[in-house]
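Peer 1: kindly return the folded structure for what I paste below:
(chains A, B and C)
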Amino acid sequence: MTKAEQFAKKRKRRLVIRTIVLIALLAAVVFAIATKKSEKVLAIGDEAPDFEIVDLEGNKHRLSEYKGQGVFLNFWGSWCGPCKTEMPFMEKQSKEFKGKGVHILALNIKDTRLKAETFRDQYKLTFPIAQDKDESILRAYNVIPLPTTILIDPDGIIVDIITTGMDEEEIRQAMESIQPE
Amino acid sequence: MDLVSLSSNLLLVSFFAYIIATLFFGGAVRGAKSQASYRNSRSGTIGIIITIIGFLTHVGFFITRWMASGYAPVSNMFEAVTALGMMLIAAFILLYFIYKTPSLGLFALPIAIIIIGYATMFPTEVTPLIPALKSKWLAVHVITTILGEAILAISAVAGFILLLKKVNVKKASRERFWLEVIVYTIVLFLGFIIATSGFRIAGYEAEFNFMNKNEQLERSVYHMPPLFGMNEYEALTEDAMTPWAEMPAIIDAKKLTTTTWSFFVGTAIYLLLRLIFRRPLAAVLQPLTKNANLQLMDEIGYRAVLIGFPVFSLGALIFAMIWAHEAWSRFWGWDPKEVWALITWLFYAAFLHLRLTRGWEGKKSAWLMVIGFILIMFNFIAVNMILAGLHSYA
Amino acid sequence: MSKSMIKCQCGHENPFGTVLCESCGRPQTEEAKKSKTVDMRYEGSARRSQTYQRTIVDKIWNFFSSVKIGVSIIIAVLVTSAIGTIFPQKLYVPANTEAEIAAYYERLYGTFGKIYYNLGFHDMYNSWWFITLVGMLGTSILIASVDRVVPLYKSLKQQRTKRHPSFLKRQRVYGDGPVEDADASLKKAEEKLKQLRYNVKVEDGAILAEKNRFSRWGPYVNHTGLLIFLGAILLRGIPGFYVDESMWLREGDTLEIPGAPGYFIESKGFIREVYSNEDDEIFGKALERNPMIDKNFQTDVALYKKAEGDLPGQTDNISLVKEYSIIVNEPLTFDGYSIFQMDYRTDELKSMDFQLTDKETEQSLGEFTVDLVNPESTYDLGDGRIVELKDYYPDYAGFENGEPTSKSPLPNNPAFFFKMITPEKPEGEISFVAIRQTVEADENDYKVNFVSADTRNISGLTIRKDRTLYILLAGGIIFMIGVAQGSYWNHRRIWIQKGENNEMLIASHTNKNWYSLKREMGQVKEHASLPSYEDREDKESDKEEEEGDID
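Peer 2: Below you'll find the model as predicted:
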């Protein structure tokens, strides 16, 4: 190999190394910007984290036991206006879908037990209501505003996350979307 | 005599020792005919001895106060700024023994005197520590930081001497203008000291109620005639002067009043001095630098930065981060004081690169050293007073 | 021979761009040949950046390799950081939604605040362009260092003891002149230099004395530290490496710790203490000025962990890990997490005591306590007197559509529907009781009176986990080592060699602290009777001082 060839080879190798280093550095900056903004949240398409909770009547509910059926998971509080508005609609639709394999599970956040019970009685709610006392389910689902409704399909996959109150038609459509075939 | 009053008396001794030592250094510079006689002059030797005595009593102040309060006396403005003065003297003494330069003393000591005078304008009583400051890191972080800042300050003194000597003060130029601005700024600090102690001796006090920026009623006591009133103020002291203007809630009108008074008094002193000497003050000071060796000043300045920068990095960034992690749960939170420490650090890093690779020596480097000190003082004063954050304990 | 190398007269081949021959030190460029003193930065070696300029990759590389660009980036970071301190950053603004934040800036800082917000300066340090600037700084540090350290290493390794006179003549400190006995002088110089702890190499009538070469690596060591530090910050973006959460914890409550799934924390009590005169009399004066100086914030907690594999919601198998008092500066630590005492709120209502009274006789018919955290539905006062709590509104905000409403679940303004049952009125009377308000449907015989209340405190805690801490610390330590190495030591070299006849040439170089170098040279010169020399940059010092001032 002549000196010129050797030199050309060396230069080529240097170019490759430089290119790799620069791309790596660029990737690092992009990574830094990307991770700065996003917080880790559950997204549509994720598997719904399993949990277990005892409702106001003393019945145990475990999400994984609802496999093969749709779950309409609602987080609510008695002081929240839209929660109050959608509750009667949910009650009505829960009856509609009772035999069709779609269940409502309403998780009360921050209220006292007495308040959750008087609320249930006032709105004559028949679907299971449980209190997430230590807020571990709230955290597992990363719920921020109330009401938040999480639609879980028969395979245990989150198909939608709704962070506003819904009207009756929207609730009906939501429940249809997770109805088993 | 209890420890606290012993402590304050020791500080007073130091203060006067520094003043006397300055005069001797002045004598050393004036009297010297050649470089050699200047370096080994008797006045210079006496000057450094008195400086050392002053420094020892200063250390005595520091230790007795530490013993009295039970914590490192660097917890508020008064304590931190006096410590800065002490470390400045320490750095000067060290450099004096390496380089034998009375000129450095002639300028470093007055700066230390003004710094100490400035410190005593803040509340000087021993205050118990708030929970956030109760940590061994208070001593470690603050003392290291201040030591680094003091060494860096010495570089500014050397830079200032170099500029005074090198800039042609007889002819108007941009350089002369900025040099004069620096002298004027130093005089403004004198103005602050005189205004504050003047009104303090007179016992002036005026009380106001005002609406703070969180829209809560608060009370404020002025110790100077209120030139500016706080947001929606209401005077509680009768026959207090009516403020010229009312300030919005985000502006602390009390501090603005103090600043304005200092500005007035300082400017008056400056104009008076100009009237007496009939020349720019930079020109008045220039003869004092006659025996300073430019090359040596450049070297002292650069070496001071080299010595001070690692100390500052350690104290103001690394120890700061460790403590911040323990006290505030994060090592870095972009609090204004933190950011300004970073800015100071970046500035000196830029300086070192410019000096090392672009050959910025002499005047250019001297200007940068002076600007560095301005940044340090800005972090000490303005950030505590204006950009309120977690560090505004004073 | 290829264009990439330049052959020096001494026979050594130097890379293209070399200023001074790596081996003998002869100037290689026209410019260097003409100048009187020579630029010794990087030993006059070819910085790689200057060698190739062909492709776009090389151009970008060379851009970042420039110290001028590096300094410009430092200044840019400096200026943007400073701008970020003009107004408080978003983090320190007491508002939650973007609209509230925008309104806050406008309300307090007017038009400037609005512009500041709209330019994104309110969240400066998280903005993509600030992160990009820091990334560019890292890039610059990496590339500029790599480009310099390699050639510098090579040239210091390859330097010959004997240099060409043209190299010596161009040093800042240089002198030549005849001596009596050149060999004896050389011998003596060697002796003295060794005594001064120089590494002395002798070759063919020439001495190269060198000391503290390692200080030349200081900058590269500290840059490595900085890069490790920046890299560690980057790692925090990886899930699980970094947790930063906060929570409000009420006395008596047990909550799952956000960010630490499976762990629960219970507040056993929050304490706030202020200093009093009894603490220490020397604080008396300060307390007179400000009587409310905080002494301590403390949350006594119990930490629990749930059994492995238990699901969220299952709390049957939780076990106590430890009890601890969290105070400022002393966080609770477990499993890589730290929990800090950050904030507090005092006196939230916890329970209220009531009295059932007969309106006519004003006589008490018994007292009962409503636990606002977990209220009971019936209170038996004995003698057939029962109060039933029919409904409870923790944060009562008036009636809406004939129904009381609560604006939050917090007991800020509790209101109650009581049913009062007595043997005289077995069907009961309904009364709505709120603070300073009682509403009755019909005229009642009985009423429920508020007697007293009990409150509790809330602790604001922050939860952190940072697996990068040790890497950050390592970066910091390496940085400090590098900075100290480069600042507190300096690389000194002294060349002494025989010239024509009985002439001796003497030259020296250091990267800093010429003063000490010259002092050492003075000692060598004295001892070995060498010719005098001058510092070409120091024109002021008296000659006598140069020669005579030896300690």
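Peer 1: any low-confidence regions in the chain?
Peer 2: Looking at chain A here, since you left the chain open. A:1, A:36-41 (pLDDT under 70).
Peer 1: actually chain C
Peer 2: Judged by pLDDT under 70, the stretches of chain C that qualify are C:1-4, C:39, C:41, C:46-53, C:96, C:279, C:538-551.
Peer 1: got the domain ranges for chain A?
Peer 2: Using automatic domain parsing, the domain ranges for chain A come out as A:1-38, A:52-177.
Peer 1: is the first one up against chain B anywhere?
Peer 2: No. Legend: contact between domain A:1-38 and chain B by Cβ under 8 Å from any Cβ of the partner chain is lacking; minimum distance shown is 13.0 Å. Just so you know, the C-beta spots here come from the backbone N, C-alpha and C atoms, and that holds for glycine as well.
Peer 1: does the residue in chain B positioned nearest to chain A count as helix, strand or coil?
Peer 2: Going by Cβ to the nearest Cβ, chain A is nearest to B:W334 of chain B, at 13.0 Å. Assigned with DSSP: H, G, I helix; E, B strand; the rest coil, B:W334 falls in the coil class.
Peer 1: wait, it sits on C:G84?
Peer 2: Yes. Counting by Cβ atoms under 8 Å, C:G84 is a contact partner of B:W334 at 6.9 Å.
Peer 1: now do the shared contacts for those two.
Peer 2: Common contacts of B:W334 and C:G84, defined by Cβ atoms under 8 Å, 6 or more residues apart in numbering or on different chains, comprise C:124-125.
Peer 1: neighbours of C:C8, how many?
Peer 2: 20 (other Cβ atoms under 10 Å in any protein chain shown).
Peer 1: who touches the residue nearest to C:T315 when sequence neighbours are not counted in this structure?
Peer 2: Excluding its sequence neighbours, the residue lying closest to C:T315 (Cβ to Cβ, 6 or more residues apart in numbering or on different chains) is A:D134, at 6.5 Å. By Cβ under 8 Å, 6+ apart, the contact set of A:D134 is C:254-256, C:264, C:315.
Peer 1: now the two most distant members of those.
Peer 2: Farthest pair in these (Cβ to Cβ) is C:L255 and C:T315. Separation: 11.2 Å.
Peer 1: overlap of the contact sets of the two?
Peer 2: Counting by Cβ under 8 Å, 6+ apart, the common neighbours of C:L255 and C:T315 are A:134, C:264.
Peer 1: look at the closest residue to chain C within chain A and give its secondary structure.
Peer 2: Nearest residue of chain A to chain C (Cβ to the nearest Cβ) works out as A:T35 at 2.9 Å. Classification of A:T35 using three-state DSSP returns helix.
Peer 1: okay, and residue 93 sits in which element?
Peer 2: In the absence of a named chain, this looks at chain A. Using DSSP states H and E, A:Q93 sits within helix A:81-96.
Peer 1: I was thinking of chain B, sorry if that wasn't clear
Peer 2: In the assignment (DSSP H and E), B:I93 maps to helix B:77-99.
Peer 1: and that helix, anywhere near chain C?
Peer 2: Yes. Using Cβ under 8 Å from any Cβ, we find that helix B:77-99 touches chain C at B:98-99.
Peer 1: any buried residues in that helix, and which?
Peer 2: If you call a residue buried by 16 or more other Cβ atoms under 10 Å in any protein chain shown, then helix B:77-99 has these buried ones: B:77-93, B:95-96, B:99.
Peer 1: before we move on, what about stretch C:14-23?
Peer 2: In stretch C:14-23, counting by 16+ other Cβ under 10 Å, buried: C:14-15, C:17-23.
Peer 1: does it reach chain B?
Peer 2: No. Stretch C:14-23 lies out of reach of chain B by Cβ under 8 Å from any Cβ, never closer than 14.0 Å.
Peer 1: and for stretch C:316-331?
Peer 2: Yes. Using Cβ under 8 Å from any Cβ, stretch C:316-331 comes into contact with chain B via C:327-331.
Peer 1: quick check: PyMOL command selecting the buried ones in the residues you listed.
Peer 2: With 16+ other Cβ under 10 Å as the criterion, this PyMOL line picks the buried residues out of the residues of stretch C:316-331 next to chain B:
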select buried, chain C and resi 327+328+329+330+331
